[in-house]
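Colleague: Pasting a predicted model and its sequence here:
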Amino acid sequence: MPYCSKCSTELVEDVMFCPNCGTPVSQSTTKIEDGNIERRGRRRISALAIVLIAVLVSAVSIVTIVFLPVRAVDASESRDVLYQTGLDTVNFDFHSDVARIYVAFEDLDGKLVTLQMSIAGRVGVLAPSNLYDLSFEKTVIDNVLTVTSELNIVDLVWPSSLFGLNVTCDIRIDRSMNTSLNIKTSVGKIDMSTQSGVILNSLSLETTTGEVEAILAPGVIISGDVSIKSTTGRTKLNWNRVIVIKDSLIDVETTTGGVDVEIKQDDEINHTVTLNAEATTGGVNFNIDVQGTIGAKIRSSVSTGGINIERQVGFSGTESLLMSNNYPANNNFDVSLNTTTGGIDIDAKYTP
């Protein structure tokens, strides 16, 4: 509201003279007052904007300092089990929070098992000096060596300060040992390779988030069940002329990802191999090439998606049920392929 310039009486809008002293009222007074109010409002808004920008810049700076990988990390440790006379069997159990895990079999000089762990990269300022805990316990009963090992990455309030780390575990087992493997990581990939003469009493490879791949080379001996699983990631099995000495169950599964299975067999196995390849969300790629007295039956099931027969040689039947022309044979693969959301691709070949 305007006021009289002489007596400061509050004036009614658009009045020409002050009702108290009669002084003429200037219309510019109102405009000037309104302009002053508008300018004061703009100044308040500008000051508030400056404060907000300053707070935002400070917050960004703090977050950058906390999460920016500023400290280099380069650590490694190894654990060994030396050769002992009379030991011919090893049960190896290894779990890790985060790791890229390599498993291989070879002739070890004076050793039965080796584990090489390395951590490299950069971490944030919140990361403690000791980033991990590696346990490695071994027991011997009769001719059996049991090794239990666990790698735990520290649990932080701000785990993002560890995102720049590269964690690797290299596991080597003497190929003369009868081996049972149970390898698991929460985040990371598992790669397993073999060579002729390796004996697997049982095999379990599993990740929560990551890929799993197992290569069973010609001459590998299977005397138990095989499990290759991932919750979120791809699973792969390459089976090439494996020796089977008892009926075996092979599971290759993923919840979200895909499944790749390749089977090649031309040697007698004298047993039945039951193979399940399953993806809840993702595709299944299946390739089988069998010869001679090896037979195969392939059952396929899809809820959402299709079944695609890429090649069908020496097999007859429908998309959902294929059988080699010699099935049932003395040596058989009973295969079940399943996916809930995704497709199934099949390449099937039988040669007499």
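Modeller: Good, I have the coordinates. Numbers count the residues shown, from 1 in each chain.
Colleague: Look up which residues are beta-bridged to Leu200.
Modeller: Here Leu200 shows beta-bridge partners Thr179, Ile222, assigned using DSSP bridges.
Colleague: wouldn't it be in contact with Asp225 here?
Modeller: No. Here Leu200 lies out of contact with Asp225, judged by CB atoms under 8 Å, at a distance of 9.7 Å. The C-beta positions use only the backbone N, C-alpha and C, and glycine is treated the same way.
Colleague: who's more crowded, those two?
Modeller: Remark: of Leu200 and Asp225, Leu200 carries more neighbours, 23 against 17, as counted by other CB atoms under 10 Å.
Colleague: can you tell me how far that one sits from Ile183?
Modeller: 12 Å (CB to CB, to the nearest Å).
Colleague: Equivalent analysis for Val212, please.
Modeller: When CB to CB is the yardstick, Val212 and Ile183 sit 9 Å from each other.
Colleague: Common neighbours of these two, please.
Modeller: 190, 205-206 (CB atoms under 8 Å, 6 or more residues apart in numbering).
Colleague: most neighbours, which of those?
Modeller: If you count neighbours using other CB under 10 Å, the busiest of the shared contacts of Val212 and Ile183 is Ile190, which has 28 neighbours.
Colleague: Show the pLDDT at that one.
Modeller: On pLDDT, Ile190 comes in at 98.
Colleague: now for the helix or strand hosting Ile288, which elements pack on it?
Modeller: Using DSSP states H and E, Ile288 maps to strand 284-291. Other helices and strands packing on strand 284-291, by 3 or more CB pairs under 8 Å, 6 or more residues apart in numbering; DSSP states H and E, are strand 259-265, strand 272-281, strand 294-304, strand 331-341, strand 344-351.
Colleague: mind listing the strands for the stretch 101-250 of the chain?
Modeller: Across the stretch 101-250 of the chain, reading from the start of the chain, the strands by DSSP state E, counting those that start in this stretch fall at 111-123, 132-141, 144-153, 165-174, 178-187, 190-192, 199-209, 212-216, 221-222, 226-232, 235-240, 243-244, 248-256.
Colleague: and the fifth one, what other elements does it pack with?
Modeller: Pointing back at strand 178-187 there. In terms of contacts (3+ CB pairs under 8 Å, 6+ apart), strand 178-187 is packed against strand 89-98, strand 100-106, strand 165-174, strand 190-192, strand 199-209.
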